[in-house]
Structure formats: structure tokens, C-alpha cells
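A.B. asks: What follows is a predicted structure for the sequence shown.
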Amino acid sequence: MSTAPLSLIIAGAIILGLAIDMLLRSSRKLNIAASVFLGLFAFVVACEGIQGYLLSIDRPVLASVIIRAEYAFLILLSSSFYLFTNHFPRGEYWKVAKPVVYLLVGLSAVFVAAAMLGIDRESTHYLMVFEEGVYRPSVDIKYNFIHYIINGYILLLALYSAGTIIAKIKRVRLVYQKQQIRYFLSGFAVFGAIHLLTLIFANELPPSVKYTATAVGSVVFSAVTFYSIVVYRFGSLRKTLGRLGIEFAVLLVLLVPVMGGFFMVRSWLADLTPALFFLLVTPSMAVVFRIIHLAYLLVLRIIRGDHTGTDATEKLMDRLWNSRDLNELASRTVTLLEEQIECANADFLVYDQKNDIFRVLYSTSGKTFDIPGSNPFFKLIAKSDEYYHRDVINIDPRYTGIKESAEKYFAEYGAQLLLPVFFDNEIPALINISPKIDENSYTSDELGIIRKIRKLVTIITDNLILFEKEEEAKTNVRDLGLATEIQQSIFQGDIPEFEKIDVFAYQKPAKWVSGDYYFVDRIDGDNAAILIADVSGKGIPASLVAMVIHTIAKTQEFSRNVDPIVKKINDILTSNQGSSGFTRISSFATIFCGFLECGSSTFHYTNAGHLPVLVFDRASGKYEYLTPNSKPVGLFPEFTYTTSVKKLKKNQILVLYSDGITEAIDMKDEEFGQERLEAIVRRNEDMAAREIAGEILKAVENFSEGREQFDDITLIVIKL
């Protein structure tokens, strides 16, 4: 007889103990769902072991019955996994519609009945196989299509449930919830890896190794699931695992006589019919497990004086974790400190960044006061210290450097302990704790409670601050969306049509709103007014300057002398100048402003520091550029701008652009440059202005593929 299957039976008993323990700790929906899930998992694991054991003692008929039971438990396990994932992690309950529950119950009942009655089987054969040098009994089962339908149901529920948990990683906002999910998934990964390896090397591994590996993987997965739920992931892992180790050892010791009794009556049990076996064994096992549990609690009480099994961290978390804001967190924390450590007074202070003070948010005494943020003691607080104890600082040489400032602080504000609450490297909150009511020193247990409360407050404060920042970001996104809509509604949309020239313009902001601007209008018949501007910076500040340029461009009259328009823009932007003669406005702009007489092909322009305008002569195949003839606007008050004149020819192509075109960067940090722009214009010279612009934009996009757009893109193509 092989004893290898006993490892799975023991593993099942351990997992069942975890399931019962979890239910005793709390009657929350999550604990109930997890307890049912682990309980069914325990039966599946134990059935695998019992099946192997029965085969080892030449009881294949009874082993066949256990296979049916194992499959039935597996069906129920898949349904319980679905319900468990809808309650997991703590505080993230996804309500399941009643029709779905009814459907699950109905399908599970039908499939369990089919499995137990053998409806999913075509035939069952009892064989002898040669294994480990001897012949052993084996059960060979051929299944029908019903079995594969049930398998599909199990697989579908398992995949959906696993997907639900993975989807919640991004959905949940509290740190401890994400940690619960990560712990569960890590345990599941360990179990899955071990189980997969045993399947891959099924023929190479002896049964003893396969049974033991499966047992270890099952216990690890169940223990991690248990730990992630009952202690919130915030307790000390070493202490928690040590405590669980003691509990498991106690449970194993208590199971020894039970397993001995089971071993003594094994032959008698094997002779029972299936119906009589379940009729006698089921109530007997219920009584045995009840006795074991009572003995388990009694032994634990003797060992560590705790018969309830309730984790202190969980109690504290229950009081604090669902605080909706800092005010609620402050009142709950102070009240909890009063109850747990019997302090005479506790103050919860938050930092007011605007006034550089810590102000009392909640105090046992009801007093309100402020502590300057510049207090010397605060500059010496280290993130590694959980709290500062007045008595310890006075006698411990490690605190010599802060002793004087700390003593002044404690004396002035009547504090015995200071608990700093960190967010990154900043201190958004402080907790002052006064001496005890009876004026005795705080015990090590009370200091342990203080550490736990401080840790929980830090975690919850982090989450509240992050949630507030997230809401602020959402508001900013809405405001930026509105700003984008306003800018798009004001800026030019359609380009007017001209008889003698072909014009196309395009603009794409790097962020929500653009700091680039263009203006094209038809003046005095078939003449064209053209303006392109690129404001320094990005986002809202740059877009406001672009709006100023737009307003001036729309209200000014374009003619052969365009320099007055550019001067007007410069005068507006530099009107609030400082004593140094430079503008106080942080943004400036480059502008190309032109007036094109289409009849004579004469171009009057002012280039105020803008990128050179590309002029391509199709007849000669040569390029030339209209380079800057003035300084950018917004920098120098009273600057005198000039208008230049360029005589153009028929069939020439003009390209006006912002730095989002030529300074686009690829993955090698190489710029797109003017040479590539020239090549595209030459290659597509026979196309219309819109098509040429499209080729330029497509080339820029392909060139910078994989890199985020850094600059606003503006492009005007004019074909004479």
C-alpha cells in the first residue's frame, strides 16, 4: 500500500481548517465566499488523495465513486470561484443579479447530479497497470458529450472569474486592495505552475512526487488566499506566517489520532456500499471536525492566550479603512487611540501648504491651535522612524541631535509621542499623543497598537490624497476639453477658395490646446492674407497668447505693408513690461505675416523670427527660403518691424510650417529636418496643395512613429 496519497488528504484537511478559521474570524460576505471556495477546494484535493489511496488498497469500485464526487466538487468549486471573485478584494463588491445566481445554482445542480449519477460516462473499466515495478489497479473512464459540456462550463466560469480579478487591479483605488489581488494571483500562479509541471512530466515522475507536489501547491495557494483576506496584507509577514505555522502545527497534531483511527478501520470502510459509507461517515466526520476545532481553540488559548483568533490589525482596520475624508479619518483615529491606549489627549493635525502651518483637524480636548511648519523639530523628522517617544529621545544617544528641539516641541504642545504621517517625502499630517490618563508609561503592547494605527493612517491618507489628486485631474481634463472646444470654435476652420492659387492649411496641437496659430483670408478680390505663428511653450499659457494673436489678426486690415500688424501684436504682448525693459509675460511668439497679390504674384511679408518659408520653383527644381527679417514678438517693446517684398513665379510652391514639422524626432533622436521636407515637396510637385500637405504629414508621422508628439504642428501649402 502506498502512503503517497495521504499527503493530499492531509493537505485537504489543512485547507478545510483554513476555510473554517476564515469563517470564524468574520461573517462578512467576502469571508463567507472565500470560506466556501476554500472548503470546496479542500474536498477536491482530499478526494484526489482518497481516490489514490483506495486504488492502492485495491478498491477500484469505491475509487470510481470518489472520482464522481471529486468531479461534483469541482463543478461547485467553479461556481463558488465566480461568486468569490465578485466579492474580492475587500470593499470591492460587484453585485450579482439574481437571475445569474439562479442560473448558476440550476446549472450546478444539474451538472452535479449528472456527475454523481454517471450520466456523463460512456463506460468504466477496471484495469491493472504496471507502475513502479508492480501491477496496480486503475480506473479507465470513457466520457460522453455531456462531460465535455460540463468541462466547458467549468472552464468558462474559471476564465471569466480570473478575468474579473485581473480587471479589478486597475479598477480598485486603495493600496491594500491591490495588494490583496497581487497576493491571490501570486498564490494562484505558484499552484498553477506546480500543477502544470506535474501534468507535463506525468510519465517521468513517480506518484509520490506528483501527490506531494500537488499537496504543497494546494496548501501554498490556500494559505496565501487566507492570508490576503484575513490580515489585509498590512501586518508583519514574518509574525503572521509564524502564527499560522503554530496553528497548522497544532492542527496537524490534533489530526494524528483521527488519521490513525481512519487507518485502523480502512478495511471495514472499504467493504461498505457507497450509500452506507456516506450515511455513516459524513455525520461522524462532522462530529470529529467539531471536536478538533474545539481542541484547536483550547490549545491556542493555552499557547498564546488567544481563543478568538481575531487579528488586531483587522479590528483597527475595520474602524478606519472606510473613512471618506481626512476629517472622518482624524475623528476616528483620535477616538481609537483614546479607546486602545487610554491616552489623556490626542491631536490630529494636517498641513496647510498655503499658510505653512499644521492645524488641528480633530482633538480629544476640543482645542484648536496651529503649529508653524517651520518648527525646527519637523526638519529633523526621518521617514524611517515610526514615532518619536519623549522618554526615549531623552535617554537614547541616537537622538542626541534632535533632543533639544524635540523637548521644546513636546513641552509646548503637551505631547508624549509624535506620529508623522508621510506621503512620499512630505508630511501631510501629524498625530500628537499626550501621556496616559494614569500617567504610567506606554507598554510595549500599546506601542505596538500605536505603530499599527500609524501605519493604517499612513496608508489611508495616501489613498485619500491620491483620490483627491485623481478627482482634481479629472476636473482639469474637463476644463481642458472645454478650452479645446472654445479654441476650435474661434480659430479658423475652412480656407477660402482662390481663383489663381491653391491653398491648404492644417493644425494639430501637441496637447489639448494649441500654441500655434494660422490665418488665411481672401482680401480685395483674389489677394491672400496669410499669418502663421508659433508661441513658446505649450498648453494653456501658449494657447492664451495664440488667442491674443488671433484677435488682433481678425481685427487688422491686411495690405502691402504688413509690419504694422506684427507691431500691433508686439505692442500688446509687451505692454506689461518690467523695469529691465523686457516683458513680464513668460511667452513670446514667432510670426510670419504676409500679403500675396495673386494677380502679380508679389508677396509682401514680415518674418518675425519664424522658421524660413520654403519656396520651391518647379521649373528650375531649386529651393529658396524667406528667412527672418525681424525679431520675435513679445520680447522687445517699441521694436520696429519691416516689410520685405518677394516676386514669385507661376508654378512655385510655398510651404509655411512650425517646428512641429522639421523638429519632429524619431527613436534615434534624429530630427526630421528641412532636407526631408524639400524632398517630399519635390517628389509630389504635381499634386494639389492638400495632397502635398498630406504627404508631408504622413512622412512626419511615419518618421516619429513610437515617439509622442512633442510640438504643435501647423502647416500651410500654397501652390501658385
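C.D. replies: That came through, no problem.
A.B. asks: middle-most residue in the chain, spatially?
C.D. replies: For the chain, Lys170 is the residue whose C-alpha lies nearest the centre (Cα atoms, centre = their mean; 4.2 Å).
A.B. asks: Distance check, that one against Leu464.
C.D. replies: Separation of Lys170 from Leu464 (Cβ to Cβ, to the nearest Å) stands at 19 Å. (Each C-beta comes from the backbone N, C-alpha and C, glycine too.)
A.B. asks: sorry, back to before: specify the local secondary structure of the residue nearest to the centre of the chain.
C.D. replies: Three-state assignment for Lys170 (DSSP: H, G, I helix; E, B strand; the rest coil): helix.
A.B. asks: how near is it to Ala158?
C.D. replies: From Lys170 over to Ala158 the distance is 21 Å, taken as Cβ to Cβ.
A.B. asks: do Ile449 as well
C.D. replies: 41 Å.
A.B. asks: buried sites along stretch 48-65?
C.D. replies: 48-56, 59-60, 62-65 (16 or more other Cβ atoms under 10 Å).
A.B. asks: Which one of those residues is nearest to Phe703?
C.D. replies: The closest of the buried residues of stretch 48-65 to Phe703 turns out to be Glu48 (Cβ to Cβ; 59.7 Å).
A.B. asks: The residue lying closest to the closest one once chain neighbours are set aside: how many residues sit nearby?
C.D. replies: Using Cβ to Cβ, 6 or more residues apart in numbering and skipping the chain neighbours, the partner closest in space to Glu48 is Leu8 (5.2 Å). Neighbours of Leu8 under the rule other Cβ atoms under 10 Å: 25.
A.B. asks: And what about Leu8, helix, strand or coil?
C.D. replies: Leu8 ends up helix, using three-state DSSP.
A.B. asks: Can you name the residues that contact it?
C.D. replies: By Cβ atoms under 8 Å, 6 or more residues apart in numbering, the residues touching Leu8 are 45-46, 48-49, 52, 211, 214-215, 218.
A.B. asks: Apply 6 Å and report the result again.
C.D. replies: Leu8 makes contact with 45, 48-49, 211, 215, according to Cβ atoms under 6 Å, 6 or more residues apart in numbering.
A.B. asks: Please, where are all the helices along the stretch 351-500 of the chain?
C.D. replies: According to DSSP state H, counting those that start in this stretch, the stretch 351-500 of the chain carries its helices in the segments 376-379, 390-395, 403-413, 444-490.
A.B. asks: And the stretch 551-700 of the chain, by the same measure?
C.D. replies: For the stretch 551-700 of the chain, the helices defined by DSSP H, counting those that start in this stretch cover 563-573, 659-662, 673-683, 689-703.
A.B. asks: what's the closest of those to Phe616?
C.D. replies: Proximity to Phe616 (Cβ to Cβ) singles out helix 673-683 among these, at 5.1 Å.
A.B. asks: these two touch, right, Asp502 and Leu720?
C.D. replies: No - if you go by Cβ atoms under 6 Å, Asp502 and Leu720 don't touch, sitting 8.1 Å apart.
A.B. asks: Where does the record place the domain boundaries for this structure?
C.D. replies: By the assignment in automatic domain parsing, the chain contains the domains 6-234, 314-466, 495-719.
A.B. asks: I'd like to know which of those domains lies nearest to Thr282.
C.D. replies: domain 6-234 (11.3 Å).
A.B. asks: still on that earlier bit, least confident pick among the contacts of Leu8?
C.D. replies: Model confidence across the contacts of Leu8 bottoms out at Tyr211, which has 83.
A.B. asks: tally of neighbours for it?
C.D. replies: For Tyr211, the neighbour count with other Cβ under 10 Å is 25.
A.B. asks: Lys568 versus that one, what's the distance?
C.D. replies: When distance is defined by Cβ to Cβ, Tyr211 is 88 Å away from Lys568.
A.B. asks: Among the contacts of Leu8, which ones are in helices?
C.D. replies: 45, 48-49, 211, 215 (DSSP state H).
A.B. asks: Near the nearest residue to Tyr605 once chain neighbours are set aside, how many other residues are there?
C.D. replies: Spatial nearest neighbour of Tyr605, excluding adjacent residues (Cβ to Cβ, 6+ apart): Gly594 at 3.8 Å. Neighbourhood size, Gly594 [other Cβ under 10 Å]: 25.
A.B. asks: For Gly594, name its beta-bridge partners.
C.D. replies: On the basis of DSSP bridges, Gly594 is bridged to Ile530, Tyr605.
A.B. asks: give the contact list for it.
C.D. replies: Counted by Cβ under 6 Å, 6+ apart, Gly594 has contacts 530, 603, 605.
A.B. asks: Can I get these in a markdown table including neighbour count?
C.D. replies: Below are those laid out as a markdown table (neighbours: other Cβ atoms under 10 Å):
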| residue | neighbour count |
| --- | --- |
| Ile530 | 25 |
| Phe603 | 24 |
| Tyr605 | 23 |
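A.B. asks: Same list (the residues you listed) but as CSV, adding distance to Phe201 and pLDDT.
C.D. replies: Shown next, in CSV, are the contacts of Gly594 (distance: Cβ to Cβ, whole Å; pLDDT from 0 to 100):
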residue, distance to Phe201, pLDDT
Ile530, 75, 93
Phe603, 80, 94
Tyr605, 79, 95
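A.B. asks: Any chance of CSV for these, columns distance to Leu40?
C.D. replies: Formatted as CSV, those follow (distance: Cβ to Cβ, whole Å):
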residue, distance to Leu40
Ile530, 75
Phe603, 83
Tyr605, 81
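A.B. asks: Out of those, flag the one nearest to Phe588.
C.D. replies: Minimum distance to Phe588 across those is 19.4 Å, recorded for Tyr605 (Cβ to Cβ).
A.B. asks: Rounded mean pLDDT for stretch 423-441, please.
C.D. replies: 83.
A.B. asks: contacts for it?
C.D. replies: For stretch 423-441, contacts defined as Cβ under 6 Å, 6+ apart pick out 342-351, 358, 413-417, 419-421, 461-462, 465.
A.B. asks: among the helices of the stretch 551-700 of the chain, which is nearest Lys142?
C.D. replies: helix 689-703 (58.6 Å).
A.B. asks: from the chain's centre, how far out does that closest one sit?
C.D. replies: Helix 689-703 sits 37 Å away from the centroid of its parent chain (Cα atoms, centre = their mean, to the nearest Å).
A.B. asks: Over to stretch 369-379?
C.D. replies: On Cα atoms, centre = their mean, the centre of stretch 369-379 falls 35 Å from the chain's centre.
A.B. asks: Please apply the same query to stretch 385-396.
C.D. replies: That offset, for stretch 385-396, works out to 37 Å (Cα atoms, centre = their mean).
A.B. asks: Tell me the residue in the chain that is farthest from the middle.
C.D. replies: Most peripheral residue of the chain (Cα atoms, centre = their mean): Ser600, 62.9 Å.
A.B. asks: Pull up the gap between that one and Phe378, please.
C.D. replies: Ser600 sits 74 Å away from Phe378, going by Cβ to Cβ.
A.B. asks: Then Ile696?
C.D. replies: 57 Å.
A.B. asks: How about Glu678?
C.D. replies: The gap separating Glu678 from Phe378 is 61 Å, by Cβ to Cβ.
A.B. asks: Next: Ala510.
C.D. replies: Counting by Cβ to Cβ, the gap from Ala510 to Phe378 is 40 Å.
A.B. asks: How many residues are close by Gly152?
C.D. replies: Gly152: 10 neighbours (other Cβ under 10 Å).
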